[in-house]
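# Show me how the following folds:
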Amino acid sequence: LLEAEESFCNNDVEAADTYYEKAITSAKHHKFVHEEALAHELSAYFYLELGKREQSAEHFMQAHEKYLEWGALGKCDSLLKFVEFMKKLWH
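This is a model prediction of the structure:
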């Protein structure tokens, strides 16, 4: 996940995309729900920055599901509010 963020900061979109997916896959494989949630959330911001709304929305929803599974209800509410706010801006 750190490699994904570093690549994103360095504008290496292709590497960042690969590293985000690897982070998600690894967290899922090891059953690290909180890490999977964070990886989805950061991936969602990455895609949002690139203007890829559909991919961003999918990762935000996956993050929401994983935060819910983890029991981070405040984070779930925060994500939903953010997504609703962004939807209003897009229309």
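
# Now do the residue lying closest to residue 66 once chain neighbours are set aside against residue 69, distance only.
Closest residue to residue 66 apart from its sequence neighbours, by CB to CB, 6 or more residues apart in numbering: residue 37 at 3.5 Å. Placement of C-beta: from N, CA and C, glycine included. As judged by CB to CB, to the nearest Å, residue 37 and residue 69 stand 8 Å apart.

# quick one: which of the two has more around it?
residue 37 (25 against 13; other CB atoms under 10 Å).

# tell me which strands and helices the helix or strand harbouring that one is in contact with?
Here residue 37, judged by DSSP states H and E, is contained in helix 33-49. Judged by 3 or more CB pairs under 8 Å, 6 or more residues apart in numbering; DSSP states H and E, the packing partners of helix 33-49 are helix 2-9, helix 13-29, helix 53-70, helix 73-90.

# Lowest average pLDDT across those?
Out of these, helix 73-90 stands lowest, with a mean of 91 (criterion: mean pLDDT).

# now what about that one, what contacts it?
37, 41, 48, 53, 57, 60-61, 63-64, 67-68 (CB atoms under 8 Å, 6 or more residues apart in numbering).

# got the angle for that helix vs helix 53-70?
Interaxial angle of helix 73-90 relative to helix 53-70 (axes from the mean of the first three to the mean of the last three CA atoms, to 10 degrees): 160 degrees.
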